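K.L.:
just a sequence and a predicted model for now, questions to come.
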Amino acid sequence: MRCPFCRHSDCRVIDSREVDDGQATRRRRSCGACGRRFTTVEEPVLAVVKRSGVTEPFSREKVVNGVRRACQGRPVDEDALQQLAHRVEESIRAGGTAEIPSHEVGLAILGPLRELDEVAYLRFASVYRSFSSIEDFEKEIAELRRIHGSGATAPPN
Ligand SMILES: [Zn+2]
């Protein structure tokens, strides 16, 4: 690791600790030439493979931005968005692969978003699953009703 100040390559690690629930390691380093100190953060790379084949690092922020659009005008606060993105990341990491196709990131969003806000879920799902007709919405809404289970609303007599 080169010193960011003098570009010297001999830097000593003086402290090392896990951060972010052990998902990253933060190291304090001291430059052997100029003596200045700096910090490095190492974390395993979780890559998202886009449809075009391009890979980019997984970003919680991108998840939040995508979901935020679907939540416009809904009673969903920033905290809930952050928690959702955290859950998405956890489930992706739990999948055990370092490279995830972007549509799987979308899939991982659907579940937690449905629990969070059903209207936002429908909006997100309509874009993500490219709903093309009223029937697609009807099917999805029927599925939501099914999840709510019988007995939630009594059938009219
Ligand atoms: Zn230096």
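P.N.:
Perfect, thanks for sending it.
K.L.:
ok, then the element right after the longest helix along the chain?
P.N.:
If you go by DSSP state H, the chain has its longest helix at helix 78-94. Of the helices and strands lying after helix 78-94 in sequence (DSSP states H and E), the nearest is strand 99-101.
K.L.:
buried stuff in the helix or strand just after that next one?
P.N.:
Remark: after strand 99-101, the chain's next helix or strand is helix 102-116, criterion DSSP H and E. For helix 102-116, a neighbour-count test (16 or more other C-beta atoms under 10 Å) marks 102, 105-109, 112-114, 116 as buried. In short, each C-beta sits where N, CA and C put it, glycine included.
K.L.:
tell me which stretches of the chain form strands.
P.N.:
Along the chain, counting by DSSP state E, strands occupy 11-19, 24-31, 37-42, 47-49, 55-57, 99-101.
K.L.:
how does the chain divide into domains?
P.N.:
According to the TED database, the chain comprises the domains 11-42, 47-149.
K.L.:
I'd like to know which of the ones you listed is closest to the ion.
P.N.:
domain 11-42 (3.1 Å; C-beta to the ion).
K.L.:
measure the closest one end to end?
P.N.:
Criterion C-alpha to C-alpha, to the nearest Å; first-to-last residue distance in domain 11-42 is 16 Å.
K.L.:
do any residues in it lie close to the ion?
P.N.:
Yes - for domain 11-42, a contact with the ion is found by C-beta under 5 Å from the ion, at 31, 33-34.
K.L.:
brilliant, that's me finished.
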